[in-house]
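>>> sharing a model that was predicted from the sequence below.
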Amino acid sequence: MAHRYYCENCKKVYESVVRRDGFKCPNCKSLTKEVDGDVKIKDEKVLQGAISSDNKNQIGKLLNFVGVIIIVLSIIGGIIIASDNGVGIGIVVVLYGSFNGILACALGEVINLLQDIKNKK
């Protein structure tokens, strides 16, 4: 169930999946009031997911995607190199590429976690 918060300064309604005490408006930073889901407010502007746990940073998403691509390409490259130059070199390519991909994914996840901490304030 979504919780709704109304900002009297901005005249906007925000929805959040989790209940937050002392929820501040993202625009004017003033405290909002929790309202019932059935209440209709004049000139209501609902921002779906304005403050929710699904709110992710675009850079974090991009780094996760790039990390997965690096891992997939390193596996493909390792197989190709292993067929031409030997299995040992192919395994090294797969290991180093996978390590770099995991680092990119980890950095993306750190950015997403920092964004979640920022969203909670």
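Everything's here; your move.
>>> buried sites along the helix or strand where Ile102 lies?
With secondary structure defined by DSSP states H and E, Ile102 is part of helix 87-120. Using 16 or more other CB atoms under 10 Å as the test for burial, helix 87-120 gives 90, 93-94, 97-98, 101, 104-105, 107-108, 111-112, 115, 119. Backbone N, C-alpha and C define where each C-beta goes, glycine included.
>>> and it, what does it pack onto?
Using 3 or more CB pairs under 8 Å, 6 or more residues apart in numbering; DSSP states H and E, the elements in contact with helix 87-120 are helix 58-85.
>>> so the helix it packs on versus helix 87-120, what angle?
Taking axes from the mean of the first three to the mean of the last three CA atoms, to 10 degrees, helix 58-85 and helix 87-120 form an angle of 180 degrees between their directions.
>>> now helix 58-85: mean pLDDT?
Helix 58-85 carries an average pLDDT of 94.
>>> for it, packing partners?
Using 3+ CB pairs under 8 Å, 6+ apart, helix 58-85 is in contact with helix 87-120.
>>> walk me through the domains of this protein.
1-52, 58-120 (automatic domain parsing).
>>> rank these by pLDDT, which is bottom?
Minimum mean pLDDT among the domains of the chain: domain 1-52, a mean of 61.
>>> re the thing from before, the buried residues of helix 87-120 into TSV, with extra columns for distance to Ile80?
Shown next, in TSV, are these (distance: CB to CB, whole Å):
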residue	distance to Ile80
Gly90	8
Val93	9
Val94	11
Gly97	12
Ser98	15
Gly101	17
Ala104	21
Cys105	23
Leu107	27
Gly108	27
Ile111	32
Asn112	33
Gln115	37
Asn119	43
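>>> quick check: the farthest pair among these?
Farthest-apart pair in the buried residues of helix 87-120 is Gly90 and Asn119; separation 43.1 Å (CB to CB).
>>> right, and Leu62 touches Ile111 too?
No: using CB atoms under 8 Å, Leu62 is not in contact with Ile111, being 9.3 Å away.
>>> can you tell me which residues contact the closest residue to Val110 other than its chain neighbours?
Nearest in space to Val110, with sequence neighbours left out and distances taken as CB to CB, 6 or more residues apart in numbering, is Gly60 at 7.9 Å. The contact partners of Gly60, by CB atoms under 8 Å, 6 or more residues apart in numbering, come to 108-112, 115.
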